[in-house]
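K.L.:
need a 3D model of the following:
(4 chains)
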4 protein chains.
Amino acid sequence: MIRVGILHGAGYVGRKLIEQVLIHPEMALDSVTSRSHENQPLWKAHAHLRGATDVVFSSELGSSVELVFVAAGHGQGARAVGELRDAGFSGLVVDMSADFRLPDAVMYLERYGNPHPRPDLLETAWYGMPEITGAPPKNTLLIANPGCFASAISLALHPLAKAGVTSHVSVMALTGASGSGAQAKDTTHFPSRNGNVRAYKVFEHQHEAEIDRMAAGLGYSFVPASGPWTDGIWGVAQTNTSVEVGALFEAAYGNKPLIRLWPGQLPELHWSVGSPFTDLGWIQKGNEVVIGFAIDNLMKGAATQAIQNVNLALGFPETLGLLP
Amino acid sequence: MIRVGILHGAGYVGRKLIEQVLIHPEMALDSVTSRSHENQPLWKAHAHLRGATDVVFSSELGSSVELVFVAAGHGQGARAVGELRDAGFSGLVVDMSADFRLPDAVMYLERYGNPHPRPDLLETAWYGMPEITGAPPKNTLLIANPGCFASAISLALHPLAKAGVTSHVSVMALTGASGSGAQAKDTTHFPSRNGNVRAYKVFEHQHEAEIDRMAAGLGYSFVPASGPWTDGIWGVAQTNTSVEVGALFEAAYGNKPLIRLWPGQLPELHWSVGSPFTDLGWIQKGNEVVIGFAIDNLMKGAATQAIQNVNLALGFPETLGLLP
Amino acid sequence: MIRVGILHGAGYVGRKLIEQVLIHPEMALDSVTSRSHENQPLWKAHAHLRGATDVVFSSELGSSVELVFVAAGHGQGARAVGELRDAGFSGLVVDMSADFRLPDAVMYLERYGNPHPRPDLLETAWYGMPEITGAPPKNTLLIANPGCFASAISLALHPLAKAGVTSHVSVMALTGASGSGAQAKDTTHFPSRNGNVRAYKVFEHQHEAEIDRMAAGLGYSFVPASGPWTDGIWGVAQTNTSVEVGALFEAAYGNKPLIRLWPGQLPELHWSVGSPFTDLGWIQKGNEVVIGFAIDNLMKGAATQAIQNVNLALGFPETLGLLP
Amino acid sequence: MIRVGILHGAGYVGRKLIEQVLIHPEMALDSVTSRSHENQPLWKAHAHLRGATDVVFSSELGSSVELVFVAAGHGQGARAVGELRDAGFSGLVVDMSADFRLPDAVMYLERYGNPHPRPDLLETAWYGMPEITGAPPKNTLLIANPGCFASAISLALHPLAKAGVTSHVSVMALTGASGSGAQAKDTTHFPSRNGNVRAYKVFEHQHEAEIDRMAAGLGYSFVPASGPWTDGIWGVAQTNTSVEVGALFEAAYGNKPLIRLWPGQLPELHWSVGSPFTDLGWIQKGNEVVIGFAIDNLMKGAATQAIQNVNLALGFPETLGLLP
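P.N.:
Sure thing, here's the model as predicted:
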């Protein structure tokens, strides 16, 4: 059993990581840190976990931890990873923040507007989207876990990009409120969110930097929006092309255990909520093409993709602890 | 005061028509028919109206009715209008169904799959989308009230079509559950609808026949979907063009009292829910263009557009009874 | 037309007051103040009102204002009323806060924990729950508008209290998220509120001070809870008595235009949402009794009760501007 | 590994049973029947399960099945159990319907209004609410799994009944829409359910027959209602007593692994949704007492209580397969 620590585990990503670690047959939850909940049992932040674990939030990870998930906010992730390394931790680290998702500090500054906190660690990071980037190379010690929108949209666009599709692709995707984190915000105020849809960061969502890497060469525009539900991302990518897109998806993902393909239909949001799967479907009528995609933003968009990456990095079966 | 009758007023469109007629300063609600609720007060179908009106559902319209809204289902609308005419009613009729929205019986058969029930009346019908088709000509006696998706999308695309935009437009729109009517269906079963998004009739929604008329010449693809809310349509139209779309919208709708333009942003769904307004916004970044649109499917998508049409047909101010 | 001013009109109570004043046939909206939105059109805070009014938020009420609604928070209400009086305003004021709902400063201190900001004005205030306290006396210049839970529960319990029912009454009521106001809070964070029910202030809700006045002598316990919807209060009062409660309700409210009685059934929440009505129903089976109640917390629980009070104070019909 | 069959597995209870069996370390899912989905993979009814199991709906259970869950509707459950016995199946059967929850056919007729379909099997049934009725006796072959409201309310009232509390208890509980099953109904039509609360079967819910057994001697009244969410039951039991209820709950359930006690507070609905736990809390202020309770209606209210019963019947740890 690998002893697992989670840094900053009082938020939503931390919560899902705790749940996944608890059910993983080769992982043991060693310690979870939180400044706001120090010395309180995990269920003070995650009430539903009472009775399922006796772990107590601590200020530091345990000394015997072998694998660390960093669930800090963007900008904080790199600092936390840096402190781990500075303190001599030499085990595998999975950073859930955006900090190690771009390959160099120049691009980071350009896309996020602030200098990278720990550029020295950038070259040690592996961007882990298993169905596209494959298993991490041997001895990988830092995995940058992809963004939620980035995961869904990259998986939807990658086959088109790889095939050299030249038509412009219009992407529209909606996310649930858990994507905004555990802190109350104007945009997640129930009277404002319930029964509402709101576009935001149109043509300038920060996840485009990741999508640009995973769907290099493809011309696309992305309109993100927030929808009135808690968990899940659902969206469509529309284009006009004579390329038979179904064949591209079958070729790219036909043998991937955590991608489900739905030829001739678009997946419903519900299907993937609560699961580690990415659902991808398509409808083509003459040159009219739409690709539908759906994931759980906290699962494939965060915690289960992290587990998937760790499974591959450590030589476990890709789906270990993710499927019954 | 014009005496108003509503045929088949126990459904959601009927409910909104009743509400609008009750607050209209030049209309008096004379009679409302319903087979399922005959001889029951209106509030047996529409509980919130108890105390606001004493009208009782009847089997026939009152003999002094001067204006009739037909809120029957598709296919039933034409029959009901025909029976009114056969019975000698010579006043203004507004048909809320799809039956008189297309200009000829051949197109009707092609698009809806069944022969038109009353082709003799087709040429008496006026398709009433005031911001595009203007006021009905004098002596119009039959108004075909547009579909809900058709209203929102036509108003979003019409300026592009008029300007001869040649780039393909990708349209994605979501509708609330009240668009499915008052009868329970699998797709409106709460556990299936809540927290879910589902695409349906992709590239083949029947409202495309109307959009084709209002945005003639424009190349577009339409992905309709259902969202987890009760009222409202929200969507986006994306394209790639160097045409400055803001100028097109200002020119087309700058002086329309029931269209609100939002340059540089996309409207939220909430803003138009419960109102007679159409909200249209746009963002353009280089050649990337997105137009956002939102309406209340039972208001601009049904009842208030009907009132707007009647106001224009009868020479009232366009917004009479629609704004405070 | 009476010229109306609204102090602190950028919140939810302010929004509903604006809407109600705009449709009231004897009221003209003169001015609305807001510190956060000064010099912005009303629709910057209330987007759906764009196109319905051209009023702009100001820092001060207009000098010709004849009637003022004070929509400030608790504690701020008394200060704002005091400043109006100090500045010489001698017209009717309706305070929406809790500050003038209790008859004396001692009780205020005891219930709310802070000294009353303007005890000098307490004796000028009239607690306006028309169906219980009747029309304000001639020359009333300050109306204390009741709390939302207080309105619903007082109307449900008053007939029992008046009849001297001695059995203990268990009250359980749920409120929507708009009752928490327009500021985002942990308890209105969408992921926490959606699909959840949470009790709060059990046996110690501050509205009990009002209920104690309106249902004096009755023994009851009150468990408040928050539910996953935006607008509306729904609840039940259960007791064990042989008194025929139906007769009590018919006697108390049979001729009240804004109370709807539902013998033999409990009202649904939906029926009163968006309306000025209070719905009251009851079921009695032997000695088992349950009374169901429902109101819109921002309508009967705030704005429309305020209009109802003003109508009575100024000699208008009680329902003017409230019913079509 | 015990080979498990599920009769009528296309509904919501069947779905949860499938999920629980798939993750249970000592159970293997052998076969699932469905008339409507015969020969289709399970994911045709339960899309989210695609990729998690290859089982196909069949018309008959497999011949090597050792344990059967019957997820048929009320009235159908007894027939299905009878057919299993008539066909010679001698293994353990868990009936999820109401058919074997009452001890005799007279009571069944009286409460449900129709004669019991298989009275010969009644005496072989064990009503399995482990925290009250304990482990099934050795060689139990038929377990009647309790109703969802019955589970939550019985666990909330049992300690009071056992202690001989004499004050009348007012119970109010709300359930989500999944409690109505997978078939669309008027009461689960999204526009009617969303944002609504509706009481039903007031003082005459069929689960009272079960509660009467588990809280024998206690005087209570029960108002059931439906709330606008998918999963979960939340409610309160109020009474007036000087008995210290906290001590009763600690004594009754202090050592139960699937009951969580919350002294001084009432549980939120969210905490138990998706979990096998029953949450019970209480607040006592003088003689005012409220007990709050919450469960997932498809978990403790159906599938996980069934697993809990089977674990006890077969000698496994009570929580096997239920906790991580």
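K.L.:
and residue A:137, how far is that from chain C?
P.N.:
37 Å (Cβ to the nearest Cβ, to the nearest Å). To be clear about C-beta, it is placed using only N, CA and C from the backbone, and glycine gets the same treatment.
K.L.:
for that residue, give me its contacts.
P.N.:
For residue A:137, the contact set (Cβ atoms under 8 Å, 6 or more residues apart in numbering or on different chains) comprises residue A:126.
K.L.:
cool, the one 4 residues further on as well?
P.N.:
With contact taken as Cβ under 8 Å, 6+ apart, residue A:141 is in contact with A:90, A:91, A:92, A:93, A:124.
K.L.:
in strands, which of those residues fall?
P.N.:
A:92, A:93 (DSSP state E).
K.L.:
which among the contacts of residue A:141 end up buried?
P.N.:
Buried members of the contacts of residue A:141, scored by 16 or more other Cβ atoms under 10 Å in any protein chain shown, are A:92, A:93, A:124.
K.L.:
among those residues, which one sits closest to residue C:281?
P.N.:
residue A:93 (60.4 Å; Cβ to Cβ).
K.L.:
I'd say the closest one and residue A:81 touch.
P.N.:
Yes. The criterion here is Cβ atoms under 8 Å, and residue A:93 meets it with residue A:81 at 5.6 Å.
K.L.:
SS state for residue A:151?
P.N.:
helix (DSSP: H, G, I helix; E, B strand; the rest coil).
K.L.:
ok, and the closest non-adjacent residue to it?
P.N.:
Spatial nearest neighbour of residue A:151, chain neighbours left out: residue A:301 (5.2 Å); criterion: Cβ to Cβ, 6 or more residues apart in numbering or on different chains.
K.L.:
tell me the contacts of the one you found?
P.N.:
Residue A:301 touches A:146, A:147, A:148, A:149, A:151, A:152, A:179, A:233, A:295, counting by Cβ under 8 Å, 6+ apart.
K.L.:
hmm, back to that, mind putting the buried ones among the contacts of residue A:141 into TSV with distance to residue C:312 and pLDDT?
P.N.:
Below are the buried ones among the contacts of residue A:141 laid out as TSV (distance: Cβ to Cβ, whole Å; pLDDT from 0 to 100):
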residue	distance to residue C:312	pLDDT
A:92	73	98
A:93	69	98
A:124	75	96
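K.L.:
tally of neighbours for residue A:204?
P.N.:
Neighbours of residue A:204 under the rule other Cβ atoms under 10 Å in any protein chain shown: 12.
K.L.:
give me the three-state assignment for it.
P.N.:
Residue A:204 is classified as coil under three-state DSSP.
K.L.:
give the contact list for residue A:2.
P.N.:
By Cβ under 8 Å, 6+ apart, the neighbours of residue A:2 are A:26, A:27, A:28, A:66, A:67, A:314.
K.L.:
residue numbers of the stretch 201-324 of chain A in contact with chain D?
P.N.:
Residues of the stretch 201-324 of chain A lying close to chain D by Cβ under 8 Å from any Cβ of the partner chain are A:257-258, A:260, A:268, A:270-275, A:277, A:323-324.
K.L.:
let's see that with 10 Å instead.
P.N.:
A:257-260, A:262, A:267-268, A:270-277, A:279, A:319, A:322-324 (Cβ under 10 Å from any Cβ of the partner chain).
K.L.:
and residue A:43, how many neighbours does it have?
P.N.:
That count, for residue A:43 with other Cβ under 10 Å as the rule, works out to 19.
K.L.:
got the contact list for it?
P.N.:
A:37, A:49, A:50, A:51, A:52, A:53, A:54, A:55, A:56, D:260, D:271 (Cβ atoms under 10 Å, 6 or more residues apart in numbering or on different chains).
K.L.:
enumerate the residues of the stretch 1-150 of chain A near chain D.
P.N.:
A:18-25, A:29, A:43, A:46-53.
K.L.:
among these, name the ones in helices.
P.N.:
Here DSSP state H is the test, and those give A:18, A:19, A:20, A:21, A:22, A:23 as lying in helices.
K.L.:
quick one: buried ones out of the residues of the stretch 201-324 of chain A next to chain D?
P.N.:
A:257-260, A:262, A:267-268, A:270-273, A:275-277, A:279, A:319, A:322-323.
K.L.:
close to chain B as well: tell me which of those qualify.
P.N.:
Answer for those near chain B (Cβ under 10 Å from any Cβ): A:267, A:268, A:270, A:271, A:273.
K.L.:
would you turn the residues you listed into JSON lines with distance to residue A:131 and secondary structure?
P.N.:
Converted to JSON lines, those look like this (distance: Cβ to Cβ, whole Å; DSSP: H, G, I helix; E, B strand; the rest coil):
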{"residue": "A:267", "distance to residue A:131": "16", "secondary structure": "coil"}
{"residue": "A:268", "distance to residue A:131": "21", "secondary structure": "coil"}
{"residue": "A:270", "distance to residue A:131": "22", "secondary structure": "helix"}
{"residue": "A:271", "distance to residue A:131": "17", "secondary structure": "helix"}
{"residue": "A:273", "distance to residue A:131": "19", "secondary structure": "coil"}
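K.L.:
got these as JSON lines, with pLDDT columns?
P.N.:
Shown next, in JSON lines, are these (pLDDT from 0 to 100):
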{"residue": "A:267", "pLDDT": "98"}
{"residue": "A:268", "pLDDT": "98"}
{"residue": "A:270", "pLDDT": "98"}
{"residue": "A:271", "pLDDT": "98"}
{"residue": "A:273", "pLDDT": "98"}
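K.L.:
what about the strands in the stretch 101-250 of chain A?
P.N.:
With DSSP state E, counting those that start in this stretch as the definition, the stretch 101-250 of chain A shows strands at residue ranges A:125-127, A:142-144, A:169-175, A:198-199, A:220-226, A:233-240.
K.L.:
for chain D, what is the nearest residue in the stretch 151-300 of chain A?
P.N.:
residue A:271 (4.3 Å; Cβ to the nearest Cβ).
K.L.:
any idea how far that residue lies from residue B:196?
P.N.:
Using Cβ to Cβ, to the nearest Å, we find residue A:271 at a distance of 9 Å from residue B:196.
K.L.:
ok, now residue A:156?
P.N.:
19 Å.
K.L.:
show me the shaky parts of chain A.
P.N.:
Applying pLDDT under 70 to chain A picks out no residues at all.
K.L.:
do a quick rundown of the helices in chain A.
P.N.:
A:12-23, A:76-86, A:105-112, A:130-133, A:148-162, A:190-193, A:208-214, A:245-253, A:269-272, A:304-313.
K.L.:
columns distance to residue D:163 on top of the ones you listed, output as JSON lines?
P.N.:
Listed next are the helices of chain A as JSON lines, based on distance: least, Cβ to Cβ, whole Å:
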{"stretch": "helix A:12-23", "distance to residue D:163": "37"}
{"stretch": "helix A:76-86", "distance to residue D:163": "52"}
{"stretch": "helix A:105-112", "distance to residue D:163": "62"}
{"stretch": "helix A:130-133", "distance to residue D:163": "57"}
{"stretch": "helix A:148-162", "distance to residue D:163": "51"}
{"stretch": "helix A:190-193", "distance to residue D:163": "40"}
{"stretch": "helix A:208-214", "distance to residue D:163": "61"}
{"stretch": "helix A:245-253", "distance to residue D:163": "61"}
{"stretch": "helix A:269-272", "distance to residue D:163": "44"}
{"stretch": "helix A:304-313", "distance to residue D:163": "47"}
